[in-house]
Structure formats: C-alpha cells, structure tokens
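A.B. asks: Build the 3D model from these lines:
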Amino acid sequence: MRSELELLGLTEGESKVYLALLELGSSLAGPIIKKTKLHRATTYQILQRLTEKGLVSFTIMKGKRHFEAADPEQFSRQLKEKQDILSQILPELKLKKSLAKQSQEITVYQGRNGIKTVCGHIIKRLSPGGTYYDFGVSGLFRDIMKEYWDKWQTMKQKNNIKAKVIFNESIRKNKYLLQDIKNTSYKFVPDEFYSSTDTMILDDTIILFIWTGQPPLAVMIKNKENAEGYKRQFNLMWKNAKK
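C.D. replies: Residues are numbered from 1 along each chain as shown. Alright, predicted model coming up:
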C-alpha cells in the first residue's frame, strides 16, 4: 500500500505516517512514533507536511495535539483539482514547447568522433542525391580529420551527394585537396575573407565546424529561417566568387 501512496505523491515517511493514522484513528504523536518506528523529530516534520497537504488534521485537547488522517477520498479530490489545473494550462504549455522547438534546436558535438557523427547525419539527411552548400572552407577538415577526409569523399560519391563549396583563395594551390574532392563544384574568395569556421547549409539546418577549437567542435543549428538566410548569403558570395 505504501508504494501506491508514493505514486500519489507521498514520500515513504508520509505514507507510513498516513497509514498509521488510518489504523490508529485520532492519536497523539507517541503512538504514531511507536508504530512507524520513525524518529520523533522526523515524525513531527511529516505530520506538519501532511497537515499542509490536507491529509492530516489535529485537535488540541488538554494542551496536546491529537492527529487524525483525512478521509482517503481526499486523494481523489486533490487529483481532480490537479487535473482541472492541468487542463487549463496544458494548451499554453504545449504551445510554448511547440514555439521553442520551431525557433531553434542547437546540438554541439565535440572532438573527431563527434564530427564523424555529424558527417553521418549529413549523409543520412541528404541521401540520395541531395546538395549541401559550404563556405569559409579553409582545408582544415582534411588536416584535422586525416584519413576520415577520404572516407567522407567516398560516402558523398556513393550516395550521390553533391556540394557547392566556396574555398579561401589559398586553397587554389592545394592541388591534392582539389583532386580528392568528389561531386563538388567550387569557387574561390580572397584570403582577406579567411575564416577558420566552416559553415555548411543543408535544408533547414546550419552546421558550424570550428576546427581551431580544442577539441574541434561542430555546432548544429536547426532553424529554417536562419538556414534560408545563410543560403542567401552563400548565393551572394557564390555570385561574386571566382572559378
């Protein structure tokens, strides 16, 4: 029975005291302490809490408090009151959750393994035949992820995932990197616009690869409006970039 009362919101001690009072009827604190085997101070604290919850009442006779358990129907009445309150506020709570979810979801992945997880997510989201857009590309992906860079290119090719990439001008000299990339069209912007943060856009998501972090980070931001804004920025840069 105690475990059922705990499911209704009572602590283990409160359940013991309430059940003891149901059996004892009107009682002084002494018999309650004896029956529950709880410490005297703990018993008085529990009686106070149960009184505040409307589950115990007391009368004073000859200067002493006689405690009595409330009718068990009180649980039903309290549950109904809580249900009524919940019914009133539930629509607003659901609306808040919905708006928060729509506004922005941010997930941070750390280290090389975290970045591999993000890359796997990209493959899953865009397969087969999707396209992502990428700017601020400095070549640090290849330097930091090492052999995984080649695996990433293979996964892109296997799943027919295309990319439009804006490299920093200095990458033009990196023939090995340019020869390795698969399914990618690219242009270059002057090195004065250099950024060590690689910004990738896919559908409603922006991914920031922060290669200089210790460890490197990938921040995934799911927000359709922001993603569309970044896509417009990419298109403007692409228009002005050089082949």
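
A.B. asks: Need the phi and psi values for the residue of the chain most remote from its centre.
C.D. replies: Going by CA atoms, centre = their mean, the residue of the chain most distant from its centre is Lys62, 57.8 Å out. When read as degrees, to the nearest 10, the backbone of Lys62 gives phi 50, psi 40.

A.B. asks: can you list contacts of the helix or strand Phe188 falls within?
C.D. replies: Phe188 belongs to strand 184-189 when assigned by DSSP states H and E. Residues outside strand 184-189 that contact it (CB atoms under 8 Å, 6 or more residues apart in numbering) are 135, 156, 162-169, 171-172, 178, 237-238, 240-243. For glycine as for every other residue, the C-beta is placed from the backbone atoms N, C-alpha and C.

A.B. asks: If you count neighbours, what's buried in that strand?
C.D. replies: Counting neighbours by 16 or more other CB atoms under 10 Å, one finds that the buried residues in strand 184-189 are Thr184, Tyr186, Lys187, Phe188, Val189.

A.B. asks: same thing with stretch 116-132?
C.D. replies: Lys116, Val118, Cys119, His121, Ile122, Ile123, Leu126, Gly130, Tyr132.

A.B. asks: next one: stretch 133-153
C.D. replies: For stretch 133-153, the neighbour count (16+ other CB under 10 Å) marks 133-142, 144-145, 148-149, 152-153 as buried.

A.B. asks: cool, and stretch 202-213?
C.D. replies: Buried-residue list, stretch 202-213, by 16+ other CB under 10 Å: Leu202, Thr205, Ile206, Ile207, Phe209, Ile210, Trp211.

A.B. asks: What about the buried residues of stretch 133-153, which are in strands?
C.D. replies: Using DSSP state E, the members of the buried residues of stretch 133-153 that fall in strands are Tyr133, Asp134, Phe135, Gly136, Val137.

A.B. asks: now, among those, which is nearest to Arg49?
C.D. replies: Using CB to CB, the shortest approach to Arg49 within these belongs to Gly136, at 58.2 Å.

A.B. asks: Output the contacting helices and strands for the helix or strand where Pro31 lies.
C.D. replies: According to DSSP H and E, Pro31 maps onto helix 29-36. Under the contact definition 3 or more CB pairs under 8 Å, 6 or more residues apart in numbering; DSSP states H and E, helix 29-36 sits against helix 12-24, helix 40-52, strand 64-69.
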